[in-house]
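**Student:** Turn this into a structure:
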Amino acid sequence: MITLFQSPVHSDPEVMGGTLVFRNTRVPAQSLLEYLDDGFSLEDFLDNFPSVTRVDAVNFLKLAREHNS
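**Tutor:** Predicted coordinates for the structure are as follows:
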């Protein structure tokens with residue numbers, strides 16, 4: 001289980017107006033979901049957003065999957 005302390009994403013009103021972003025980046029978490037919906041792979045996303053770690057991207061997808069279950 002991923003705890004809030006370990007969360008791969010966060011929201012801060014001072015960063016991107018409070019948009020949910022990957023930690024230590026300004027990359028919106030929604031961008032990953034949109035990439036995948038558009039038929040791109042996780043690799044494509046990571047190549048285009050090198051500031052996002054693979055671990056954070058995978059953990060975010062796990063959280064999103066759990067939330068939709």
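
**Student:** In this structure, where is pLDDT below threshold?
**Tutor:** 1-5, 69 (pLDDT under 70).

**Student:** got a list of what the residue positioned nearest the centre of it touches?
**Tutor:** The chain has A29 as the residue nearest its centroid, 3.5 Å off, counting by CA atoms, centre = their mean. For A29, the contacting residues are 8-9, 20-22, 60, by CB atoms under 8 Å, 6 or more residues apart in numbering. Heads up, the C-betas are built off the backbone N, CA and C, glycines and all.

**Student:** Against L20, how distant is it?
**Tutor:** Taking CB to CB, to the nearest Å as the measure, A29 falls 5 Å from L20.

**Student:** How about F49?
**Tutor:** Distance from F49 to L20, by CB to CB: 14 Å.

**Student:** Look at these two and report which has more neighbours.
**Tutor:** F49 (18 against 14; other CB atoms under 10 Å).

**Student:** what touches both of A29 and L20?
**Tutor:** With contacts taken as CB under 8 Å, 6+ apart, A29 and L20 have V9 as neighbours in common.

**Student:** In this protein, what residue spans correspond to strands?
**Tutor:** In the chain, the segments counted as strands under DSSP state E are 9-10, 21-22.

**Student:** just how off-centre is the first one within its chain?
**Tutor:** Relative to the mean C-alpha coordinate of its chain, strand 9-10 is positioned 7 Å out (CA atoms, centre = their mean, to the nearest Å).

**Student:** Show me the contact partners of the longest helix seen in the chain.
**Tutor:** Longest helix of the chain, by residue count under DSSP state H: helix 54-68. Contact partners of helix 54-68, identified using CB under 8 Å, 6+ apart, comprise 2, 6-9, 22-23, 29, 32-33, 42, 45-46.

**Student:** Sweet, I'm off.
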